[in-house]
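Enquirer: Give me coordinates for this.
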Amino acid sequence: MTLNLHLLRIYVAVLEQGSFTRAAEVLTMSQSAVSRAVQELERQLGTVLLERRSRGVAPTVAGTILGDHARRIFMHERLAIEALNELRGLQRGRLAIGASSTIGIYLLPPLLGHYHRRYPGIELFLDIGNTQQVMEHLLAYRIDVAYVEGPVAPDEHLDIMPWRSDELVVIASPDHPLARRVTISCTDLQDAPFVFREPGSGTREVMEQALASRGITVRPVMELGSTEAIKQAVSAGLGLSMVSRVTIQSELIAGRLRVLNIPDLTVQRQLSRVRLNDRPLSQALEAWFKSRG
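Expert: Coordinates of the predicted model:
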């Protein structure tokens with residue numbers, strides 16, 4: 001049995017887009033041509049790859065297995081092209097980085113700027129999401145390396161390296177009663193209204209663990225999908241929250257937020273750099289690591 005790579009590429013597009021219609025748009029093909037290509041691939045392989053549903057498609061067990069291998073095939077294809085380009089001294093290439101929001105918004109841009117000035121021919125791509133989303137993209141071979149805030153479970157397929165240490169602090173509106181006190185205790189946070197990040201956020205996971213380890217129960221009043229939204233909500237008096245200290249420098253200077261001084265709640269978290277063990281180290285990525293990335 002020989003895989004037809006043209007048909008396989010069309011199949012992966014359908015898998016990633018979730019429907020024949022969206023895949024046809026991405027591939028600039030007709031929907032019927034995309035459908036026929038997948039049917040032909042199923043015929044050649046002698047198995048059903050996709051379950052057709054009223055709102056798109058879903059992979060069968062065989063379809064999922066094929067999709068995982070196909071992504072690896074096309075990843076190696078792209079790396080081969082990049083490796084040939086890189087023979088010309090990093091004059092061309094591509095570097096795709098995934099990062100959870102605190103890292104992607106506040107820590108990586110200066111490093112990316114330095115890298116771009118040194119290697120202007122390398123196309124840079126930064127994918128920002130929460131820790132769960134970034135790890136999903138890494139495992140799907142959509143990015144070369146991931147930088148995450150939340151804990152990452154050990155896995156034989158992953159190379160997990162400590163990257164930096166980060167301090168989380170409890171923030172409040174300047175008008176909040178606790179913000180007027182020089183020092184408070186963890187017990188002062190009991191049943192306090194808190195603004196949370198969304199499930200899957202590394203910051204949320206660390207915050208929940210820190211509070212639980214000290215026996216503190218807080219009252220969730222809102223879930224928001226970004227640190228910027230969290231800061232706005234806290235500044236507006238909707239509740240307290242916990243964020244990275246590096247994210248609030250301008251708000252502290254402007255007096256829009258206060259950091260609560262809680263000596264018995266010091267929270268340091270490890271930021272991690274993660275890559276796939278089976279993914280070859282490209283010259284663009286190796287140069288990135290050497291530039292402190």
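Enquirer: wait, Tyr141 sits on Arg71?
Expert: Yes. Applying Cβ atoms under 8 Å, one finds Tyr141 in contact with Arg71, separated by 4.5 Å. To be clear about C-beta, it is placed using only N, CA and C from the backbone, and glycine gets the same treatment.
Enquirer: The two: which is more packed in?
Expert: Tyr141 (20 against 17; other Cβ atoms under 10 Å).
Enquirer: For that one, give me its contacts.
Expert: Arg71, Arg72, Phe74, Met75, Leu276, Arg279 (Cβ atoms under 8 Å, 6 or more residues apart in numbering).
Enquirer: Assign a three-state SS to it, would you?
Expert: Three-state call for Tyr141 (DSSP: H, G, I helix; E, B strand; the rest coil): coil.
Enquirer: Give the ChimeraX command for selecting the buried subset of the contacts of Tyr141.
Expert: Command for ChimeraX that selects the buried part of the contacts of Tyr141, burial taken from 16 or more other Cβ atoms under 10 Å:
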select :71,75,276,279
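Enquirer: tell me the two of the contacts of Tyr141 that are most distant?
Expert: Farthest-apart pair in the contacts of Tyr141 is Phe74 and Leu276; separation 14.4 Å (Cβ to Cβ).
Enquirer: Any buried residues in the worst-scoring helix or strand of the chain on mean pLDDT, and which?
Expert: Lowest mean confidence among the helices and strands of the chain (mean pLDDT, DSSP states H and E): helix 61-86, at a mean of 84. Judged by neighbour count using 16+ other Cβ under 10 Å, the buried positions of helix 61-86 are Gly63, Leu66, Gly67, Ala70, Arg71, Met75, Leu79, Glu82, Asn85, Glu86.
Enquirer: what's the spacing between it and its chain's center?
Expert: In terms of Cα atoms, centre = their mean, to the nearest Å, the centre of helix 61-86 is found 20 Å from the chain centre.
Enquirer: Beyond that helix, next helix or strand please.
Expert: strand 93-100 (DSSP states H and E).
Enquirer: Where does pLDDT dip in the chain?
Expert: Within the chain, the stretches with pLDDT under 70 are 1, 85-89.
Enquirer: Now do the domain split for it, please.
Expert: With domains defined by automatic domain parsing, the chain comprises 5-67, 83-164+271-290, 166-269.
Enquirer: How far does the last one stretch from one end to the other?
Expert: Across domain 166-269, the straight-line distance between its terminal residues is 5 Å, by Cα to Cα, to the nearest Å.
Enquirer: That one: how far from the chain's middle?
Expert: Taking Cα atoms, centre = their mean, the mean C-alpha location of domain 166-269 is offset from the chain mean by 22 Å.
Enquirer: hang on, the earlier thing: farthest pair within the buried residues of helix 61-86?
Expert: So, the buried residues of helix 61-86 by Cβ to Cβ: farthest apart are Gly63 and Glu86, at 33.9 Å.
Enquirer: hang on, the earlier thing: dump the buried residues of helix 61-86 to JSON lines, plus distance to Glu136.
Expert: Output for these, formatted as JSON lines (distance: Cβ to Cβ, whole Å):
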{"residue": "Gly63", "distance to Glu136": "18"}
{"residue": "Leu66", "distance to Glu136": "19"}
{"residue": "Gly67", "distance to Glu136": "14"}
{"residue": "Ala70", "distance to Glu136": "17"}
{"residue": "Arg71", "distance to Glu136": "12"}
{"residue": "Met75", "distance to Glu136": "15"}
{"residue": "Leu79", "distance to Glu136": "20"}
{"residue": "Glu82", "distance to Glu136": "23"}
{"residue": "Asn85", "distance to Glu136": "28"}
{"residue": "Glu86", "distance to Glu136": "28"}
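Enquirer: Mind jotting down where the strands sit in this structure?
Expert: 50-53, 56-59, 93-100, 122-129, 145-148, 158-172, 193-197, 219-224, 241-244, 258-259, 267-276 (DSSP state E).
Enquirer: now for the ones you listed, which one comes closest to Pro109?
Expert: That would be, of these and by Cβ to Cβ, strand 122-129, which comes in at 8.4 Å.
Enquirer: The closest one to strand 93-100, inter-axis angle?
Expert: 20 degrees (axes from the mean of the first three to the mean of the last three Cα atoms, to 10 degrees).
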